[in-house]
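Enquirer: my questions are about this predicted structure, shown below with the sequence.
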Amino acid sequence: MTCPIALETTGLCKRYGPVMAVHDVSIAVNEGEVFGFLGPNGAGKTTTIGMALGLIHPTAGSARVFGEPISPTHTAPLRRVGALVGSPGMVPALTGRENLAVLASLPPVVDMRRVQETLQLVGLAEAASRKYQGYSTGMKQRLGLAAALLHRPSLLILDEPTNGLDPAGMQEIRTLLRSLARQGVTVFLSSHLLHEVEQVCDRVAVLHHGRIIIQGAVSGLLANSGVRVRVPDPAQAARVLQVLPGVAGVQPDGAYVRVEGVASDAVAKHLAAHNIVPSELVPCRPDLEQVFLDLTRS
Ligand SMILES: Nc1ncnc2c1ncn2[C@@H]1O[C@H](COP(=O)(O)OP(=O)(O)OP(=O)(O)O)[C@@H](O)[C@H]1O
Ligand SMILES: [Mg+2]
């Protein structure tokens, strides 16, 4: 069964003079998933999002939202999209609640109950009566998220939504994003924070120098990462393990040997067949940071 696709880009490219900011980016975000767009500073995340939102003209390629093409002259399908990109335009002299009320009065109009609901959702109910000009960076970010949620979007596109938030605030936003996904909202978020993507996303595309270098399930990216075994003679065990089929690398490491590319049961059986009894055998699960560094080492 194929999943309906909320956001799709095909061969998206953007050139700025000599700089190819985005190069042949093709991604498909399924409805109902939380999709991470991971890349370091300057990777092309905001430029890609800008094209998906019809804010930037692609040099080549196309973007579709719920199956409909998006361009700066055709943005109608974006009615079902809530977005947070950069600092949202708010009126400094108005309170957080008043700013949202102004946005709520724009078509399609939503009532004040929804304004209050979104303020609560993003944890801003207490600060809602304070003027926007006195807001901290994190509070501004939360208000931007509330604005993106106001019209009950089916697809949320968020460019680094936890920027400026403290760790507790980041965790709150992640929890909110997961709960929105459970309610059927598709979430596309860019981030340069590997652990954030690891915690909140179902699938991820990793962007580097404008190109997608890998795309897939977060669990898949983290699988198959090797085993650490503690053995009486690591050098001898390393020689023995070198010939195990499927092994991608063997490294003695103090009292341990680290074996890459094979599952722990295969390592245990192979050692037993050579009369080596490990006193410890630990499957290693690298974090996304290690995967990312391996992929982007160039
Ligand atoms: N309007 C522009 N004119 C010229 N170059 C640009 C423009 N916008 C972006 N770029 C360049 O395109 C590349 C990608 O930038 P982009 O802002 O999309 O990256 P990013 O992944 O969002 O980075 P960050 O994590 O810092 O937000 C960078 O080299 C940037 O300098
Ligand atoms: Mg950016």
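Expert: Thanks, I have it. Every value quoted in this text rests on a predicted model; they were computed, and no experiment measured them. Numbers count the residues shown, from 1 in each chain. Ligands and ions are numbered 1, 2, ... in the order given.
Enquirer: can you tell me the helix or strand for whatever residue of the stretch 1-150 of the chain ends up closest to ligand 2?
Expert: The nearest approach of the stretch 1-150 of the chain to ligand 2 comes at Thr46, 3.2 Å away (Cβ to the ion). Placement of C-beta: from N, CA and C, glycine included. Using DSSP states H and E, Thr46 sits within helix 45-52.
Enquirer: check contacts around the residue of the stretch 1-150 of the chain closest to ligand 2.
Expert: Val85, Gly86, Asp159, Ser190 (Cβ atoms under 8 Å, 6 or more residues apart in numbering).
Enquirer: on that earlier part again, is the helix holding Thr46 positioned near ligand 1?
Expert: Yes - with Cβ under 6 Å from any ligand atom as the measure, helix 45-52 is seen reaching ligand 1 through Lys45, Thr46, Thr47.
Enquirer: and the pLDDT for the second one?
Expert: On the pLDDT scale, Thr46 is placed at 97.
Enquirer: neighbours around the residue nearest to Thr118 when sequence neighbours are not counted, how many?
Expert: Computed as Cβ to Cβ, 6 or more residues apart in numbering, the closest residue to Thr118 that is not its neighbour in sequence is Ala146, at 4.1 Å. Ala146: 28 surrounding residues under other Cβ atoms under 10 Å.
Enquirer: hmm, Ala146 is touching Ala127, no?
Expert: No - here Ala146 does not reach Ala127: they are 11.1 Å apart, not a contact under Cβ atoms under 8 Å.
Enquirer: what segments of this protein are helices?
Expert: For the chain, helices defined by DSSP state H occupy the ranges 45-52, 96-104, 112-121, 137-149, 167-182, 194-200, 218-222, 234-242, 264-273, 288-296.
Enquirer: how about the residues of the stretch 151-298 of the chain that lie near ligand 1?
Expert: Counting by Cβ under 6 Å from any ligand atom, the stretch 151-298 of the chain sits next to ligand 1 at His192.
Enquirer: in the stretch 151-298 of the chain, what residue is nearest ligand 1?
Expert: His192 (5.2 Å; Cβ to the nearest ligand atom).
Enquirer: per-residue confidence at that residue?
Expert: Value listed for His192 in the pLDDT field: 89.
Enquirer: contacts only, for it.
Expert: So His192 contacts Leu38, Gly39, Pro40, Asn41, Ala43, Lys45, Glu160 (Cβ under 8 Å, 6+ apart).
Enquirer: and the pLDDT for the fourth one?
Expert: Asn41 carries a pLDDT score of 89 in this model.
Enquirer: run a quick neighbour tally on it.
Expert: Asn41: 6 surrounding residues under other Cβ under 10 Å.
Enquirer: now it: closest residue in space, sequence neighbours ignored.
Expert: Among residues not flanking Asn41 along the chain, His192 sits closest, at 6.5 Å (Cβ to Cβ, 6+ apart).
Enquirer: quick revisit: neighbour-wise, which of the contacts of Thr46 leads?
Expert: Of the contacts of Thr46, with other Cβ under 10 Å as the count, Ser190 tops at 24 neighbours.
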